[in-house]
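Chemist: How does the following fold in three dimensions:
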Amino acid sequence: MSDTIRSFNRFELKYLLTLKQVDDLKKDLKKYVVPDKYWDGWAYNLSSLYYDTDDFQFYWEKIEGFRFRRKLRIRRYVTNEPLTDDSIVYVEIKQRIDRVTQKRRVPMTYKEALALVHEEKIPEKFNPRDKPVIDEILNFVITYWLKPSATTIYKRQAFFWTENDIGLRITFDTDIGFKLNDTDLANPQPEWLMMSPNYSILEVKANEKIPFWVTELVASHGIRLIRVSKYCQAIETAWVYPQTVFNLASHIPHSYPSPLKE
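Modeler: All right, here's what the predicted structure looks like:
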């Protein structure tokens with residue numbers, strides 16, 4: 001995945017749907033989209049280690065609807081190979097400005113990523129074009145005294161629409177879980193599920209605007225538009241903070257029971 005785009009702007013819409021709705025929607029989507037070329041349509045696993053302040057500043061910025069907000073994470077695309085110090089991961093800053101989502105990411109080894117975020121050590125060797133993002137990450141960590149907060153873990157199936165080249169990407173996330181105390185990305189097993197395994201989160205992303213046919217197709221299947229952050233959902237599901245109106249439990253009939261924080 002060495003040619004993965006390192007920086008981009010996107011518009012995003014998120015939907016909550018049942019697995020039955022996923023199957024039905026995929027049948028219609030096949031007329032328009034093609035599977036992710038890296039995974040040939042197969043679902044792959046993602047693990048993302050998020051960082052926050054002692055008082056969960058980034059969590060509250062999302063809940064309170066700040067028009068500008070950022071968060072830091074280390075993301076691993078899980079494969080059959082075990083995670084080692086030399087495995088490639090991505091250190092990412094995800095930023096929101098009004099309705100636009102921006103992402104800046106740098107690929108590096110797992111050892112280098114931990115050294116950068118935990119010890120404030122810049123990698124000895126890196127692509128010069130990554131220097132501004134590495135500096136931003138380092139400044140972010142130092143300014144806010146960031147520390148590991150939660151790890152989200154889930155399966156993703158991704159599709160692309162190549163027509164008009166607007167960067168349309170459609171993903172289905174299932175088996176969405178998290179860990180709070182074990183932040184080791186080498187362990188891909190969640191401690192808890194943050195929502196019922198009978199549900200999925202659909203994300204529609206595009207560089208310029210979401211095509212009309214996408215929103216019409218989704219609406220025709222009776223799928224509900226939601227506002228949700230997997231990181232915030234992990235914090236809320238663990239009852240670190242009381243549930244808010246953004247919690248998935250308010251969208252799911254007979255909601256999946258949340259674990260109690262020990």
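
Chemist: Phi first, then psi, for Leu146.
Modeler: phi -70, psi 150 (degrees, to the nearest 10).

Chemist: how close does it get to Tyr199?
Modeler: 31 Å (C-beta to C-beta, to the nearest Å). Using the backbone N, CA and C atoms, a C-beta is placed for each residue, glycine as well.

Chemist: Likewise for Glu163?
Modeler: Using C-beta to C-beta, which is the criterion applied here, Glu163 is 30 Å from Tyr199.

Chemist: out of the two, which sits in the busier spot?
Modeler: For Glu163 versus Tyr199, the count of surrounding residues by other C-beta atoms under 10 Å is larger for Tyr199: 19 against 10.

Chemist: Hmm, Leu19 and that one touching each other?
Modeler: Yes - the pair Tyr199 and Leu19 qualifies as a contact (C-beta atoms under 8 Å) at a distance of 7.2 Å.

Chemist: Just the element for Thr118, please.
Modeler: To be clear, residue 118 is His; Thr isn't right here. Element membership of His118 [criterion: DSSP states H and E] is helix 110-119.

Chemist: what about Lys62, how many residues close to it?
Modeler: Neighbours around Lys62, by other C-beta under 10 Å: 20.

Chemist: residue ranges of the strands in this protein, please?
Modeler: With strands called from DSSP state E, the chain shows them at 7-18, 34-35, 44-52, 68-78, 88-97, 100-109, 147-161, 168-179, 192-193, 199-206, 224-226.

Chemist: Adding distance to Pro123 and mean pLDDT as columns, could you present these in TSV?
Modeler: TSV is the format used below for the strands of the chain (distance: least, C-beta to C-beta, whole Å; pLDDT from 0 to 100):
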stretch	distance to Pro123	mean pLDDT
strand 7-18	18	86
strand 34-35	33	91
strand 44-52	18	97
strand 68-78	14	96
strand 88-97	10	96
strand 100-109	6	94
strand 147-161	20	95
strand 168-179	26	95
strand 192-193	33	90
strand 199-206	29	95
strand 224-226	38	89
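
Chemist: Tell me which of the ones you listed sits nearest to Val218.
Modeler: Comparison of these against Val218 by C-beta to C-beta identifies strand 7-18 as nearest, at 6.1 Å.

Chemist: can you list contacts of that closest one?
Modeler: 25, 99-105, 133, 167, 198-210, 215, 218, 221, 223-228, 248, 251-252 (C-beta atoms under 8 Å, 6 or more residues apart in numbering).

Chemist: Mind checking which of the residues you listed are buried?
Modeler: Among the contacts of strand 7-18, those classed as buried by 16 or more other C-beta atoms under 10 Å are 25, 104-105, 133, 167, 199-206, 210, 218, 223, 226, 228, 248, 251.

Chemist: For Val91, give the beta-bridge partners.
Modeler: Ile74, Val106 (DSSP bridges).

Chemist: wouldn't it be in contact with Thr109 here?
Modeler: No - look at Val91 against Thr109 with C-beta under 8 Å: they stay out of range, at 10.6 Å.
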